[in-house]
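Student: just a sequence and a predicted model for now, questions to come.
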Amino acid sequence: MTKFTLTVATSADGFISRNTDEPPQAWASAEEQALFFRDVESADWAIMGRHTHEAADRPLRRRIIFSTTKSGWQRPTQLWLNPGQTRPDELADLVGSVHPLGDGLILGGTRVHDWFLAHNAINRVHLTVEPVVFGAGLGIFSGSSGGDPISEFTSRGFKVQSDVVLNAAGTRYLALVRQEGG
């Protein structure tokens, strides 16, 4: 059975970026970036939306890219598909001939997060909260208008498993898991 981990960096006020063109590496700490790349390297496949893919296109990485305008294998390791025409439990079969999907890494953006949440398919969350304030921007989920990023998950049935301060600036790294029945 495939397990899906959402890895996300947020501002202290709960935004994943100021706009769709701003990648997290523009404002995230070196410690967050090291943990992010650890997650990327350990995953079988990364799942993301078109904007996230285009912000950091990596032709050789295994990616499932959600798009309503493109579909099919655009590269030998990159499957584009319309999320409205599939479910999380079907993804492993779609990519299995290229590489098995046991551990999927959800990278975003907001609508990708929404899709996995709506399908109750987020098993684990790796949340980095950076000590920066945006005031406005893209929320973790649609309808999020900022606020405490941790409560974005705890209010949706996740519980904090660990909470570590990564650096002197106060960057926090949390692991959260879905509670039974959540």
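Tutor: Sure, I can see it. Numbers count the residues shown, from 1 in each chain.

Student: tell me, what residue is most central in this protein?
Tutor: When the chain is reduced to its mean C-alpha position, the closest residue under CA atoms, centre = their mean turns out to be L107, at 2.8 Å.

Student: ok, now which ones touch the residue nearest to it when sequence neighbours are not counted?
Tutor: Across the structure, with CB to CB, 6 or more residues apart in numbering as the measure, the residue nearest L107 apart from its sequence neighbours is M48 (4.2 Å). Where you see a C-beta, it was placed from the backbone N, CA and C, and this is true even at glycine. Counting by CB atoms under 8 Å, 6 or more residues apart in numbering, M48 makes contact with R63, I64, I65, F66, I106, L107, G108, G109, V112.

Student: can you put those residues in TSV and add secondary structure, distance to W80 and pLDDT?
Tutor: Output for these, formatted as TSV (DSSP: H, G, I helix; E, B strand; the rest coil; distance: CB to CB, whole Å; pLDDT from 0 to 100):
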residue	secondary structure	distance to W80	pLDDT
R63	strand	9	98
I64	strand	8	98
I65	strand	5	98
F66	strand	8	97
I106	strand	16	98
L107	strand	15	95
G108	strand	16	89
G109	coil	15	90
V112	helix	13	97
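
Student: which of those residues sits closest to A30?
Tutor: Top of the list for closeness to A30, among these and by CB to CB, is L107 at 18.7 Å.

Student: which strands and helices sit next to the helix or strand of the chain with the lowest mean pLDDT?
Tutor: Of the helices and strands making up the chain, the lowest-confidence element is helix 50-55, at a mean of 89, by mean pLDDT, DSSP states H and E. When contacts are defined as 3 or more CB pairs under 8 Å, 6 or more residues apart in numbering; DSSP states H and E, helix 50-55 sits against strand 63-66.

Student: for the strand it packs on, which helices and strands make contact with it?
Tutor: Under the contact criterion of 3+ CB pairs under 8 Å, 6+ apart, strand 63-66 touches strand 45-49, helix 50-55, strand 78-81, helix 91-95, helix 110-118.

Student: tell me the most buried of the ones you listed?
Tutor: Relative to the other members of these, strand 45-49 carries the highest mean neighbour count by mean count of other CB atoms under 10 Å, namely a mean of 23.

Student: how about low-confidence regions in this protein?
Tutor: By pLDDT under 70, the low-scoring segments of the chain are 181-182.

Student: what segments of it are strands?
Tutor: 3-11, 15-17, 45-49, 63-66, 72-75, 78-81, 103-108, 124-130, 138-139, 158-165, 172-178 (DSSP state E).

Student: how about these in a markdown table, adding distance to E90?
Tutor: Conversion of the strands of the chain to a markdown table gives the following (distance: least, CB to CB, whole Å):
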| stretch | distance to E90 |
| --- | --- |
| strand 3-11 | 13 |
| strand 15-17 | 26 |
| strand 45-49 | 12 |
| strand 63-66 | 11 |
| strand 72-75 | 15 |
| strand 78-81 | 10 |
| strand 103-108 | 12 |
| strand 124-130 | 20 |
| strand 138-139 | 27 |
| strand 158-165 | 24 |
| strand 172-178 | 20 |
